[in-house]
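*Asks:* need a 3D model of the following:
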Amino acid sequence: MSTITTVRFLDEIAALRLARLVTGEVRRTGRHHLADGVLAALDTLHRRHRGRDGFLDAFLDAVLARRRDRFRNQTYLALPLVELVRADLGVDPERMAALLMADVVRHERRATGLDARTRDIRIRHATRFVAATDPALDVDRLPGGWFGLTALPVSLEHDEYFFIRALQAHEMVFTTLTDEMRAATRALRLGDLAAATARVRRAVDVFDRAAMLFRLVATMRPAAFHAFRQYTEGASAIQSEAYKRFELACGTPTAQRLVSEAFDNVPAVRAEAPGLDNFSRAWQDLGARGPAAAELTRAVEQLEAAHQRWKTTHHSLAAAMLGSAHGSGHTEGVPYLRRCLENRLFDLGPVALAA
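*Replies:* Prediction:
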């Protein structure tokens, strides 16, 4: 039996050392297959010592999510722990995304049993993302400590590790996009169209980097995907709070969408919606015209187009991987993504048309 089951009191072992022991067990068995005795011991320890170490709390919330019937996107990707690590490192979401992709490079370089062509393609895509996002980052110098414990695969499939990192990086991308659109909205409220345009253009560049992540995911071997997907039921991208916050930062979703499964799956974000300002509302309130307004309109159109390309790629990739299978978050899967192709981020109204 693992030494983890002998741990009785958190004071007997540092939180990080315990997490490393657990992570070692996860890497040997897959999170889904951790022994009941290990999970029971961790559950007891966590209930007794919750609140003493925020990193350990977030880590064990992820490890014990299935046992506690709380397995969903947030816990599958250990996103609360990722955010704690990001804050501890003092980096913005963009640099965190670059670090996550640099870890993919490290992981794939160590790959055994994977054909060289696939490995090289993955490394190339991940390296390009790092170079485009944070050119100064050295992919051979990654943080230690809790950073290495933020990927907790449910299986032993090699491909799941880079899949988790790609999804985590996507969350960081949408966090960045939300920050940019909120800044653009504040600029509009101040009547500074040049600053708003600069923010929207930067969001377009960030969205283009999101497409790089899909190129990486496209190297997923279908057999590997289906092998670990059977253990991820309950977790789905439809539960992404980062994406929904970006959507709310751009405009007010229709009443139909706000009561749909899209926002049913993110109740905390939906609760925020009534009190949030957004870019579309600020634009309509400003009623700006003239060359500067026309320039901003073109930037917004570019962002909308980038979003549409991203959704189309997402749909195509899901169709190739899933086929007719339902989504792991109890959604229809590909048919749901097909309907979402009709959604738009912005409602700029007649003011934009006249600009």
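*Asks:* from here on, just use CA atoms for contacts and neighbour counts.
*Replies:* Fine.
*Asks:* where does pLDDT dip in the stretch 51-200 of the chain?
*Replies:* Scanning the stretch 51-200 of the chain for pLDDT under 70 picks out nothing.
*Asks:* all helices of it, in order?
*Replies:* Secondary structure of the stretch 51-200 of the chain (DSSP state H, counting those that start in this stretch): helices located at 54-63, 73-76, 79-89, 93-109, 116-133, 158-189, 193-217.
*Asks:* what's next to the shortest one, contact-wise?
*Replies:* The list of residues contacting helix 73-76 from outside it, by C-alpha atoms under 8 Å, 6 or more residues apart in numbering, reads 61-63, 65, 80, 152, 232, 234-237, 239-240.
*Asks:* and the gap between the closest residue to residue 157 other than its chain neighbours and residue 159?
*Replies:* Distances taken as C-alpha to C-alpha, 6 or more residues apart in numbering place residue 224 nearest to residue 157, at 6.2 Å, with adjacent residues excluded. Remark: distance between residue 224 and residue 159 (C-alpha to C-alpha, to the nearest Å) = 6 Å.
*Asks:* next, count neighbours for residue 40.
*Replies:* Neighbour count for residue 40, taken as other C-alpha atoms under 10 Å: 14.
*Asks:* for the helix or strand containing it, what does the pLDDT average out to?
*Replies:* Assigned by DSSP states H and E, residue 40 belongs to helix 36-49. Across helix 36-49, the average pLDDT comes to 93.
*Asks:* how far off centre is that helix?
*Replies:* Centroid separation between helix 36-49 and its chain, computed with C-alpha atoms, centre = their mean, to the nearest Å, is 28 Å.
*Asks:* same question for stretch 136-151.
*Replies:* Averaging C-alpha positions (C-alpha atoms, centre = their mean) puts stretch 136-151 17 Å from its chain's average.
*Asks:* endpoints of that stretch, how far apart?
*Replies:* From its first residue to its last, stretch 136-151 covers 24 Å (C-alpha to C-alpha).
*Asks:* so what touches that stretch?
*Replies:* Contacts to stretch 136-151, defined as C-alpha under 8 Å, 6+ apart, come from residues 16, 19-20, 23, 55, 59, 77-78, 81-82, 85, 98-99, 102-103, 105-106, 130-131, 161, 164-165.
*Asks:* buried stuff in that stretch?
*Replies:* Residues 139, 146-147, 149-151 are the ones in stretch 136-151 that count as buried (16 or more other C-alpha atoms under 10 Å).
*Asks:* make a markdown table out of those residues and add distance to residue 187.
*Replies:* Putting these into a markdown table (distance: C-alpha to C-alpha, whole Å) gives the following:
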| residue | distance to residue 187 |
| --- | --- |
| 139 | 35 |
| 146 | 37 |
| 147 | 35 |
| 149 | 39 |
| 150 | 36 |
| 151 | 37 |
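*Asks:* so which of residue 224 and residue 159 has more stuff around it?
*Replies:* Ranked by neighbour count (other C-alpha under 10 Å), residue 224 and residue 159 place residue 159 first, with 24 against 15.
*Asks:* report the contact partners of that one.
*Replies:* Applying C-alpha under 8 Å, 6+ apart to residue 159 gives the contacts 220-221, 224-225.
*Asks:* find the nearest non-adjacent residue to residue 62, please.
*Replies:* Here the nearest residue to residue 62 in space, its sequence neighbours aside, is residue 75; by C-alpha to C-alpha, 6+ apart that works out to 4.6 Å.
*Asks:* and that neighbour, how close does it get to residue 275?
*Replies:* Going from residue 75 to residue 275 by C-alpha to C-alpha gives 27 Å.
*Asks:* do the same with residue 342
*Replies:* To residue 275, residue 342 is 26 Å away according to C-alpha to C-alpha.
*Asks:* what do you get for residue 69?
*Replies:* As judged by C-alpha to C-alpha, residue 69 and residue 275 stand 31 Å apart.
*Asks:* also residue 221?
*Replies:* 43 Å.
*Asks:* so if I had to pick from the two, which one is more boxed in?
*Replies:* Ranked by neighbour count (other C-alpha under 10 Å), residue 221 and residue 275 place residue 221 first, with 13 against 7.
*Asks:* for residue 194, give me its contacts.
*Replies:* The contact partners of residue 194, by C-alpha under 8 Å, 6+ apart, come to 292, 296.
*Asks:* repeat that for 7 Å
*Replies:* residue 292 (C-alpha atoms under 7 Å, 6 or more residues apart in numbering).
*Asks:* what's the answer for the one 5 residues further on, then?
*Replies:* With contacts defined as C-alpha under 7 Å, 6+ apart, residue 199 is in contact with 180-181, 183-184.
*Asks:* which of the residues you listed has the largest number of neighbours?
*Replies:* Busiest of the contacts of residue 199 [other C-alpha under 10 Å] is residue 184, holding 29 neighbours.
*Asks:* which residue sits closest to it, ignoring its sequence neighbours?
*Replies:* Leaving aside its chain neighbours, residue 184 sits nearest to residue 196 (4.2 Å; criterion: C-alpha to C-alpha, 6+ apart).
*Asks:* measure residue 169 to residue 258 for me?
*Replies:* To residue 258, residue 169 is 26 Å away according to C-alpha to C-alpha.
*Asks:* with neighbour numbers in mind, choose between the two.
*Replies:* In terms of neighbours (other C-alpha under 10 Å), residue 169 is the more surrounded of residue 169 and residue 258; the figures are 23 against 14.
*Asks:* count of neighbours near residue 88?
*Replies:* Residue 88 has 11 neighbours, counted by other C-alpha under 10 Å.
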